[in-house]
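1. this is the structure alone, sequence omitted:
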């Protein structure tokens, strides 16, 4: 939120901002704020033990009950209205802009004809509520049907609530001033937009630097302080000694790591994460003999060096996998973390300790990337690793050198037979490597942490482009869909970041659809529900991507609120040949309709596929039949211009 606050501070210094007037009579109190006031009123009513605590709102001619405490002896109802000029308690508070306390109106000649006496309310304590421009909002008051002096403690509580309400009113007032100012400052908008962009880039740089520092690991010289195992240096020394022994045994270096361990630290805390690592290392120790070397290399990565004659050592690998799959019971948590394994063999693959570790680690990277339980090192592994390293080295500077861009694939309304939006798709053209497919570099970006900066680039670019297209035709109904990485979704301030971008580029929230996959929902259920709720409260649409391919997609429809389902292309591709895919697609569309969700079919390439999803009343189609991904200029010419031809 800091860039937004900095921009607001700049605007407040502008003379035009201070001159902007707001009609406070037309300002509405949001439901969330109103509900907070209501809850506090009811709480105060219980604490003070008084039947009526009211928030009154005044106009030029009358004053009405804006909200009132829930008490059986409270005679005031919401929206009760009384015209001004009849000597009401609250009218006097508003005129004087000061506290008024009347212990017993029947004994006070100034108040013994007050209209509230007819309702039995003879005791009164009230404070003024005021907009920041000095105009009165109304009053906050307590009334009782018996004599009360409303002592210092109760009046202090009322004053604290008065301050909170006035702060809320100030926030509403400032928001209204900003809205009015945005309508008249077209030239100022560009300057402020540039300033917000600069501040956002600066903030991103600070976050990256801090993350880099936090992720740096300090190792003891020979041993890991958490588990008591050898560290990298100690393991290399021990393995070198073992490899120097003259015998005919093979040495199997088994490199393994726990999948998605970072999410454990983020979801349960580092104390629990460290305990999992300790328990896991103890479990592995129990299945090893005394001659087997065992070390913790970094984070959640471990390595074993085992000597034997077994050609593949599959039993030991199976034991490691089974050990990792046993849930860890810690306090109220039951944590299950699978692992991935890479194996290199001496002397076949290498004879030096460091090289063996490197090749076993390379094989583990392939296991992780391909989703297999384990992988043995071979020439193909080395080729894949070298390719990944080459891509990663060039990807580091791709964003800085402006090699990344967005293409847009049309989203086609099957009912209205027109393009109603686009999905933003990331493209990388490297001068050295040429066009690199997204499936080759996006996983690398997620692995090395670049996905945060790249994801922010995609959000900025796509939202700004969609806003430009909408500004060309304000009556056009258009939305842009953007894929969100699980790493981006872990940020608790992600919804605020999206709100700032929408404000920065003036894109209506309903024109933005964020696509998330099962990987996002697997991280932290509570956090995911919170962020999805915050985004939908802004008006942003949420789409569940690749529906039908995950482990428990149906349960997600029960747990989370979505606006759109995207049927994975694997079902659409085989519609014409596979009866099961036809039935599954038909069922998904029907289920989406039943749940009042929009349904999008991905990968539509043939007229037969189009005819099928139309017959099943699917809402939208996306695929080469309706249009291939193209750059922004081509998309505008092909699909948004007046003379564009639609499929």
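-> Noted; the coordinates are in hand. Because the structure is predicted, anything quoted here is derived from the model rather than measured.
2. report all helices and strands that the longest strand seen in the chain contacts.
-> In the chain, ranked by residue count with DSSP state E as the criterion, the top strand is strand 418-430. Contacting strand 418-430 under the criterion 3 or more CB pairs under 8 Å, 6 or more residues apart in numbering; DSSP states H and E are the following elements: strand 404-413, strand 434-436, helix 438-448, helix 451-472, strand 479-483. The C-beta positions use only the backbone N, C-alpha and C, and glycine is treated the same way.
3. pull out the buried residues from that strand.
-> By neighbour count with 16 or more other CB atoms under 10 Å, strand 418-430 contains the buried residues 419, 420, 421, 422, 423, 424, 425, 426, 428, 430.
4. the last one and residue 436 touch, don't they?
-> When you say that, I think you mean residue 430. Yes - using CB atoms under 8 Å, residue 430 is in contact with residue 436, at 5.9 Å.
5. quick check: neighbours shared by the two?
-> Residues touching both residue 430 and residue 436 by CB atoms under 8 Å, 6 or more residues apart in numbering: none at all.
6. circling back to that earlier point, can you lay out the buried residues of strand 418-430 as TSV showing pLDDT?
-> Formatted as TSV, those follow (pLDDT from 0 to 100):
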residue	pLDDT
419	93
420	93
421	94
422	96
423	96
424	96
425	96
426	94
428	92
430	89
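7. now, the most widely separated pair of the residues you listed?
-> 420 and 430 (33.5 Å; CB to CB).
8. and residue 441, how close does it get to residue 488?
-> 16 Å (CB to CB, to the nearest Å).
9. run through who's touching the helix or strand where residue 321 lies.
-> In this structure, residue 321 sits in helix 314-325 according to DSSP states H and E. The contact list for helix 314-325, computed with CB under 8 Å, 6+ apart, reads 252, 254, 256, 258, 280, 283-284, 287, 304, 306, 336-339, 341, 343, 373-374.
10. which among those residues count as buried?
-> Looks like the contacts of helix 314-325 have 252, 254, 256, 258, 280, 283-284, 304, 306, 337, 339, 341, 343, 374 buried, using 16+ other CB under 10 Å.
11. in helices only, show me these.
-> Using DSSP state H, the subset of those located in helices is 280, 283, 284.
12. let's have those residues in CSV, adding distance to residue 109.
-> Shown next, in CSV, are these (distance: CB to CB, whole Å):
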residue, distance to residue 109
280, 82
283, 85
284, 88
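13. return the member of these nearest to residue 123.
-> Minimum distance to residue 123 across those is 67.2 Å, recorded for residue 280 (CB to CB).
14. the closest one contacts residue 258, doesn't it?
-> Yes - Residue 280 is within contact range of residue 258, at 7.1 Å (criterion: CB under 8 Å).
15. need the overlap of contacts for the two.
-> Counting by CB under 8 Å, 6+ apart, the residues touching both residue 280 and residue 258 are 324, 337.
16. all strands of the stretch 201-350 of the chain, in order?
-> Ranges of strands within the stretch 201-350 of the chain are 250-258, 293-298, 301-308, 328-330, 333-335, 339-346, based on DSSP state E, counting those that start in this stretch.
17. residue 90 is nearest to which of these?
-> strand 333-335 (53.8 Å).
18. so for the closest one, mean pLDDT?
-> Mean pLDDT, strand 333-335: 70.
19. where does the stretch 401-550 of the chain dip in pLDDT?
-> Along the stretch 401-550 of the chain, segments meeting pLDDT under 70 span 519, 522-524, 548-550.
20. circling back: return the set of buried residues in the helix holding residue 321.
-> Buried residues in helix 314-325 (16+ other CB under 10 Å): 316, 317, 320, 321, 324.
21. out of the residues you listed, flag the one nearest to residue 181.
-> Closest to residue 181 out of the buried residues of helix 314-325 is residue 324 (57.9 Å), distances taken as CB to CB.
22. quick one: that closest one from residue 344, how far?
-> As judged by CB to CB, residue 324 and residue 344 stand 20 Å apart.
23. okay, residue 20: pLDDT?
-> 64.
24. can you tell me the SS state at residue 638?
-> helix (DSSP: H, G, I helix; E, B strand; the rest coil).
25. which ones are touching residue 234?
-> 221, 222, 223, 295.
26. now do the first one, the pLDDT please.
-> In other words, residue 221. Residue 221 is assigned a pLDDT of 74 by the prediction.
27. measure how buried it is and give me the count.
-> 7 (other CB atoms under 10 Å).
28. roughly how far does the residue sitting furthest away from the middle of the chain sit from residue 118?
-> Taking CA atoms, centre = their mean, the residue of the chain most remote from its mean C-alpha position is residue 109, at 61.5 Å. Distance of residue 109 to residue 118, computed by CB to CB: 18 Å.
29. residue 425 reaches residue 407, doesn't it?
-> Yes - in this structure residue 425 lies within contact range of residue 407 using CB under 8 Å: 4.9 Å.
30. hang on, the earlier thing: buried only: go through the contacts of residue 234 for me.
-> Among the contacts of residue 234, those classed as buried by 16+ other CB under 10 Å are 223, 295.
31. of the contacts of residue 234, which is the nearest to residue 511?
-> residue 295 (52.8 Å).
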